[in-house]
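> next comes the sequence, and after it the predicted model I'd like to discuss.
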Amino acid sequence: MPPAENTLRGALALGLDRPAEPDTARLAAFVARAFGSSSLALVHYGSHAQRSEVSADSARDFIVVLEEYPAAYRSLAAVLDTRFRPGTASALNRILPPNVLSVSEPDSPLRAKCAVLSLGDLERGCSARARDHFVRGRLFQQVHLVWSRDAAAAAAVTEALIEARRCTFEWVRPFLPARFDARGYCLQLLRTSYAHEIRPEGHERLAALLEDQGPTILPMFESLLADLSERGVLAREGVEYRDLEPPGAVARARIGWWFTVSKLRATLRWIKYIALYDDWLDYVVRKIERRSGVRMELTPRERRWPLLFLWPRALRFVLTRPQKRR
């Protein structure tokens, strides 16, 4: 492998080996044991990994990477007595990966929000063949490989994460300004990701996210931009870059359609929370309150029959969510 490629790969893996905090490491180890011998690795992402506006009661976010789904869900059911059938969870995970589950160690206040993927689904979700933005939109940010079964599993997951970061240029390219530096590139990655998901946060949070993650992601993507310049894709002008062949209307329409499909898949994935995520209603309410600053008081009728009576409020939030207020 050429030295320049080795240098780039090292830059794109920046931060993966950062040691986990003791509580995070203990929770990750429990989650790995709960999913049994099919567990390959856990990647820590989200606010705890980025140490960004973390609240005491917020769950730790993990991507749980498995060899295969059925055995893992049977193990989880045996350890935690889940309310869903292992076969149902396996089927849903294959149809629309990932599944998102709440996992808690007994007699511990710590909670894990687990996005469950087979290694094959992770590799696809990180690549140019990704069917939606869920995996790539999280793994281009600061994340940590907090547990792995062995060196081979760690290497395979690291390869997928490097690919997720290398692929950022293709999906953000139509949205880049005429000239940009590494900071502008990272900010546009965050803007594009957040704009194409239904999230409670407003755009004002993006600057804080970049500030928290800057020491990791700025040098990472500076290396990527420099590599693209050396390969003749970008022109370098001081600290700024310029796309030598900006995408045309057809390319912009194609990526726009891809993001539209991605948002549809993300919306469908929320429906799975009802079947799979313990206390899903309280989780959604807490998430909206924490990120939007909007207090939500559910009526007894909404809490008893949320699928019937919560839709008007959900629709109103989607239409007026912070991303819309620009």
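Received, thanks.
> from here on, contacts and neighbour counts on C-alpha atoms
Noted.
> retrieve the pLDDT associated with residue 207.
According to the prediction, residue 207 has pLDDT 86.
> residues in contact with it?
Residue 207 sits next to residue 187 when contact means Cα atoms under 8 Å, 6 or more residues apart in numbering.
> same question for the one 3 residues further on.
Remark: with contacts taken as Cα under 8 Å, 6+ apart, residue 210 is in contact with 186-187.
> the stretch 151-300 of the chain: helices as residue ranges?
151-166, 168-172, 182-195, 204-230, 249-276, 280-292, 300-304 (DSSP state H, counting those that start in this stretch).
> what angle separates the first one from helix 204-230?
Comparing the axes of helix 151-166 and helix 204-230 via axes from the mean of the first three to the mean of the last three Cα atoms, to 10 degrees yields an angle of 90 degrees.
> what packs against helix 151-166?
Contacts defined by 3 or more Cα pairs under 8 Å, 6 or more residues apart in numbering; DSSP states H and E place helix 151-166 against helix 3-12, strand 39-45, helix 119-126, helix 134-139.
> try it again at 10 Å.
helix 3-12, strand 39-45, strand 60-66, helix 119-126, helix 134-139, strand 144-148, helix 204-230 (3 or more Cα pairs under 10 Å, 6 or more residues apart in numbering; DSSP states H and E).
> could you export the fifth one as PDB, CA atoms only?
It stands for helix 134-139. Extracted C-alpha coordinates of helix 134-139, given in PDB (Å, rounded to 0.1, in the frame of the first residue of the first chain):
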ATOM      1  CA  PHE A 134     -28.300   6.400   9.000                       C
ATOM      2  CA  VAL A 135     -24.900   4.700   9.400                       C
ATOM      3  CA  ARG A 136     -22.700   7.200   7.400                       C
ATOM      4  CA  GLY A 137     -24.400  10.200   9.100                       C
ATOM      5  CA  ARG A 138     -23.300   9.000  12.500                       C
ATOM      6  CA  LEU A 139     -19.900   7.400  11.800                       C
END
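> got the contact list for it?
43-46, 63, 97-98, 115, 117, 121-128, 130, 160-165, 167-168, 171, 189-190, 192-194, 196-197, 262-263, 265-266 (Cα atoms under 10 Å, 6 or more residues apart in numbering).
> what's the pLDDT at residue 228?
97.
> from memory residue 51 sits against residue 144, does it?
No - counting by Cα atoms under 10 Å, residue 51 does not reach residue 144; the two are 11.9 Å apart.
> which residues do these two both contact?
residue 45.
> which of those two has more neighbours?
Using other Cα atoms under 10 Å as the criterion, residue 51 and residue 144 rank with residue 144 on top: 23 against 14.
> check contacts around that one.
Counted by Cα under 10 Å, 6+ apart, residue 144 has contacts 13-20, 42-45, 49-50, 62, 158.
> nearest residue to it in space, please, no chain neighbours.
residue 16 (4.2 Å; Cα to Cα, 6 or more residues apart in numbering).
> check contacts around the one you found.
Applying Cα under 10 Å, 6+ apart, we find residue 16 in contact with 43-44, 142-146, 158, 161-162, 216.
> I figured residue 41 hits residue 149, correct?
Yes - counting by Cα under 10 Å, residue 41 does reach residue 149; the two are 6.1 Å apart.
> higher neighbour count, those two?
residue 41 (26 against 14).
> and residue 322, what pLDDT?
52.
> contacting residues for residue 100?
Applying Cα under 10 Å, 6+ apart, the residues contacting residue 100 are 61-64, 93, 113-117, 269-270, 272-273, 276-277.
> for residue 247, same thing?
So residue 247 contacts 170, 173-175, 253 (Cα under 10 Å, 6+ apart).
> over to residue 49?
For residue 49, the contacting residues are 18, 20-21, 24, 43, 60-62, 141-144, 213, by Cα under 10 Å, 6+ apart.
> shaky segments in the stretch 201-326 of the chain?
Within the stretch 201-326 of the chain, the set of residues satisfying pLDDT under 70 comprises 201-204, 278-299, 301-326.
> the stretch 1-150 of the chain now?
Ranges of the stretch 1-150 of the chain meeting pLDDT under 70: 1-3, 52-57.
> please list only the buried members of the contacts of residue 247.
173-175 (16 or more other Cα atoms under 10 Å).
> let's see which of those end up in strands.
In strands, judged by DSSP state E, none of the buried ones among the contacts of residue 247 are found.
> of those residues, closest to residue 5?
Distance to residue 5, by Cα to Cα, is smallest for residue 173 among the buried ones among the contacts of residue 247, at 21.4 Å.
> helix, strand, or coil at residue 94?
Secondary structure state of residue 94, per DSSP: H, G, I helix; E, B strand; the rest coil, is helix.
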